[in-house]
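>>> Please find the sequence and the predicted model below.
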Amino acid sequence: AIKYFLNDYEISNLEGHKGHKIRTEVLATFLPEEVVNSLYSAVELAGLYVSNLTLEPIAAIELAIPENYRLLNIALVDVGAGTSDICITKDGSIIGYGMIPSAGDEVTENLVKQYLIDFNTAERMKIATSTDEMIEYADIIGNVKQVSAKEVLSVMDSKKKKINKKIAKKIIE
């Protein structure tokens with residue numbers, strides 16, 4: 001539910017109120033049946049049961065952003081490994097959500113290509129930029145080299161800017 005109305009006045013929660021007319025605006029998404037069935041089967045195999053099912057960007061905003069902050073009309077962006085999930089609020093309600101298939105792994109892959117290293121080494125280098133001034137690594141043929149954290153950040157920057165542009169475009173959409 002995005003919004004609730006009681007006697008044509010917007011209200012945050014219908015529970016405990018009396019009136020003659022209630023209405024709600026609902027944001028609905030429909031997943032393919034095989035996806036939902038697979039999710040339920042996996043949960044049941046673990047000996048659990050599903051009490052509620054929601055989309056990842058909506059779950060993220062429910063967990064990370066207190067309800068009263070949603071009055072600020074914000075977009076929460078959860079940049080993961082393979083996707084960036086987006087959830088948008090307006091006037092306290094979730095009004096939209098989306099996903100782009102670009103995220104942290106693309107930044108790591110950019111380092112792989114630039115420095116001729118394996119994925120795990122690139123991940124380690126990416127993390128090391130926050131604590132080390134110089135980063136030592138071995139390329140794919142075993143040559144040990146050093147590079148400044150500033151240079152690694154510069155290499156990552158171009159890919160991060162491209163991802164940011166995609167995220168901004170999706171938010172505007």
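Looks like it arrived, so ask away.

>>> going forward, measure contacts and count neighbours with C-alpha atoms only.
Will do.

>>> Show me the helices in this structure, by range?
Using DSSP state H, the helices assigned to the chain run over residues 33-45, 56-64, 104-115, 119-128, 149-172.

>>> How about the most far-flung residue of the chain relative to its centre: what's its closest non-neighbour residue?
When distances are taken from the C-alpha mean of the chain, residue 20 lies farthest, 40.0 Å away, according to Cα atoms, centre = their mean. Take residue 20 and drop its neighbours on the chain: the residue closest to it by Cα to Cα, 6 or more residues apart in numbering is residue 7, 6.1 Å away.

>>> Counting neighbours, what do you get for that neighbour?
The local packing of residue 7 (other Cα atoms under 10 Å) involves 12 other residues.

>>> doesn't residue 18 make contact with it?
No - using Cα atoms under 8 Å, residue 7 makes no contact with residue 18, being 9.3 Å away.

>>> just to revisit the earlier point, with mean pLDDT and mean neighbour count added, can I get the helices of the chain in CSV?
Formatted as CSV, the entries for those read as follows, by pLDDT from 0 to 100; neighbours: other Cα atoms under 10 Å:
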stretch, mean pLDDT, mean neighbour count
helix 33-45, 90, 12
helix 56-64, 86, 16
helix 104-115, 96, 18
helix 119-128, 96, 17
helix 149-172, 95, 16
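
>>> export these to TSV and tack on distance to residue 96?
Rendered in TSV, the data for the helices of the chain read as follows (distance: least, Cα to Cα, whole Å):
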stretch	distance to residue 96
helix 33-45	21
helix 56-64	9
helix 104-115	23
helix 119-128	32
helix 149-172	9
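
>>> Of all these, which one comes closest to residue 87?
Proximity to residue 87 (Cα to Cα) singles out helix 56-64 among these, at 5.3 Å.

>>> Could you give the separation of the closest one from the chain centroid?
For helix 56-64, the distance from its own C-alpha centre to the chain's C-alpha centre is 9 Å (Cα atoms, centre = their mean, to the nearest Å).

>>> Name the surrounding residues that touch that helix.
By Cα atoms under 8 Å, 6 or more residues apart in numbering, the surrounding residues in contact with helix 56-64 are 76, 78, 85-87, 94, 97-98.
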